[in-house]
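Engineer: sequence first, then the predicted structure:
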Number of protein chains: 2
Amino acid sequence: MRRVDLSGAECPIARGADELGDWWNLLILRNALDGMRRFDDFAEDLPISPAVLTSRLRLLVERGLMERRRYRERPERYEYVLTPRGRDAQGVVLSLLAWGNRGLAPDERAVVLTDRDTGREVEPVLVDAATGTPLSQMRLAAAPGPAASATMRGRFATLDERRVRRRRTEGASS
Amino acid sequence: MRRVDLSGAECPIARGADELGDWWNLLILRNALDGMRRFDDFAEDLPISPAVLTSRLRLLVERGLMERRRYRERPERYEYVLTPRGRDAQGVVLSLLAWGNRGLAPDERAVVLTDRDTGREVEPVLVDAATGTPLSQMRLAAAPGPAASATMRGRFATLDERRVRRRRTEGASS
């Protein structure tokens, strides 16, 4: 597939996707969130070659999602620890976990999320921070933010127009 | 990059990632969640060729995330509409949007999420459905579910052991 650079994209979804890189990085972050730190442990768990793993970890460090930290002097040994920005990607990882599991019957699930203190199963839901309303129950719209370019504002205006036009058409035909 | 088939993976994060496909699919879902339905509109908005877009839409239909629906008889015209499973991926898309934006200063953001009815900005937060506690404030653990294989149970046991060992080592050195 053609690789398009989205790092300068205005859309935060495109930029976020670009920052995370491909899905392997998400699986590395998953393991790191599970408490994994050492190269050999990542290598054992993921079906990728050591060379690929090395390049992925380097990328995650370059992008500020992980930090390479020496944990032994002789012989020199390093481990990979999440930065606050990397830890903050937990929401993306857990949303994917929740969505993956919602596609299965309860007894088909091989992995569930639990509260480590009580062992109780946890079901992640995305809500509006201000009101606690689940986002799936709200009518949401992406809108231009303070840094939106004229192009981006135009894109949203077009989307709005289409929505209004469709509502009219659907209203007229029903 | 080597393409590894994760569709049969036990980990719901890996399976979810495989089901979604690459990031382009997520951008197509983003547009569909914004109300977009027609091929030409997707083609205009995304920097991918019509051929690539066609194959992506076909994949999303095959996987049950979108439905191809005829909206005109003469000439025959089709549109692409989210299925309930596709609509349910909203959480993944919005988590990525929120994470992308959290990497920016407020006035650097080009796109924000709003409540369509009030225009108020919405900040998505992932919480425990049972208690409303933000997941970032909880101690979480992935755990084997009902369908976990012996291998998967072994993986979790290893992770737990490592965690305990590390806690001991860190406790001893401080």
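Structural biologist: Thanks, I have the structure now.

Engineer: which strands and helices lie in contact with the longest helix seen in chain A?
Structural biologist: Across chain A, the longest stretch assigned as helix under DSSP state H is helix A:150-173. Contacts defined by 3 or more CB pairs under 8 Å, 6 or more residues apart in numbering or on different chains; DSSP states H and E place helix A:150-173 against strand A:140-144. Just so you know, the C-beta spots here come from the backbone N, C-alpha and C atoms, and that holds for glycine as well.

Engineer: neighbouring contacts of the strand or helix carrying A:E44?
Structural biologist: Using DSSP states H and E, A:E44 falls within helix A:39-45. Residues outside helix A:39-45 that contact it (CB atoms under 8 Å, 6 or more residues apart in numbering or on different chains) are A:I28, A:N31, A:M36, A:P50, A:L53, A:T54, A:L57, A:Y78, A:E79, A:Y80, B:R155, B:R162.

Engineer: got a ChimeraX select line for the buried ones in the residues you listed?
Structural biologist: To isolate the buried members of the contacts of helix A:39-45 in ChimeraX, using 16 or more other CB atoms under 10 Å in any protein chain shown:
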select /A:28,31,36,53,57,79,80 /B:155,162
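
Engineer: output the contacts of helix A:39-45 as TSV; include the columns distance to B:V61 and secondary structure.
Structural biologist: As requested, those are exported to TSV (distance: CB to CB, whole Å; DSSP: H, G, I helix; E, B strand; the rest coil):
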residue	distance to B:V61	secondary structure
A:I28	31	helix
A:N31	33	helix
A:M36	37	coil
A:P50	38	helix
A:L53	34	helix
A:T54	38	helix
A:L57	36	helix
A:Y78	45	strand
A:E79	44	strand
A:Y80	39	strand
B:R155	34	helix
B:R162	42	helix
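
Engineer: just the strands in chain A please.
Structural biologist: Ranges of strands within chain A are A:66-72, A:77-82, A:111-115, A:124-128, A:140-144, based on DSSP state E.

Engineer: switch these over to JSON lines; also include mean pLDDT and distance to chain B.
Structural biologist: Below are those laid out as JSON lines (pLDDT from 0 to 100; distance: least, CB to the nearest CB, whole Å):
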{"stretch": "strand A:66-72", "mean pLDDT": "94", "distance to chain B": "10"}
{"stretch": "strand A:77-82", "mean pLDDT": "94", "distance to chain B": "10"}
{"stretch": "strand A:111-115", "mean pLDDT": "94", "distance to chain B": "4"}
{"stretch": "strand A:124-128", "mean pLDDT": "96", "distance to chain B": "4"}
{"stretch": "strand A:140-144", "mean pLDDT": "90", "distance to chain B": "4"}
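
Engineer: for the residue positioned nearest the centre of chain A, list the residues it contacts.
Structural biologist: Centroid-nearest residue in chain A, with CA atoms, centre = their mean: A:V92, separated by 3.0 Å. Applying CB under 8 Å, 6+ apart, we find A:V92 in contact with A:G16, A:L20, A:L26, B:V92, B:S95, B:L96, B:W99.

Engineer: cool, A:L60 as well?
Structural biologist: Per CB under 8 Å, 6+ apart, neighbours of A:L60: A:G21, A:N25, A:I28, A:L29, A:M66, A:Y80, A:G86.

Engineer: repeat the analysis, applying 10 Å as the threshold.
Structural biologist: Taking CB atoms under 10 Å, 6 or more residues apart in numbering or on different chains as the criterion, A:L60 is in contact with A:19-21, A:25, A:28-29, A:32, A:66-68, A:80, A:82-83, A:86, A:89.

Engineer: what does the longest helix of chain A rub up against?
Structural biologist: So helix A:150-173 is in contact with A:9-11, A:141-145, A:148-149, B:31, B:34-38, B:41, B:44-45, B:71, B:79, B:110-111, B:116, going by CB under 10 Å, 6+ apart.

Engineer: buried residues, it. List them.
Structural biologist: A:M152, A:R155, A:F156, A:L159, A:R162.

Engineer: the last one and A:F39, how far apart?
Structural biologist: A:R162 is 49 Å from A:F39, where distance means CB to CB, to the nearest Å.

Engineer: and the fourth one, by the same measure?
Structural biologist: Distance of A:L159 to A:F39, given as CB to CB: 45 Å.

Engineer: also the first one?
Structural biologist: Separation of A:M152 from A:F39 (CB to CB) stands at 41 Å.

Engineer: again, but for the third one
Structural biologist: The gap separating A:F156 from A:F39 is 44 Å, by CB to CB.

Engineer: distance from the chain centre to the helix or strand of chain A with the lowest mean pLDDT, please.
Structural biologist: Every helix and strand of chain A was ranked by mean pLDDT, DSSP states H and E. The lowest is helix A:150-173, at a mean of 79. Distance of helix A:150-173 from the chain centroid (CA atoms, centre = their mean, to the nearest Å) equals 29 Å.

Engineer: among the contacts of helix A:150-173, the buried ones, what's the PyMOL command?
Structural biologist: To isolate the buried members of these in PyMOL, using 16+ other CB under 10 Å:
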select buried, (chain A and resi 9+10+11+141+142+143+144+145+148) or (chain B and resi 31+34+36+37+41+45+79+110+111)
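
Engineer: how about A:E108, what does it touch?
Structural biologist: A:E108 neighbours (CB under 10 Å, 6+ apart): A:N101, B:G145, B:P146, B:A147.
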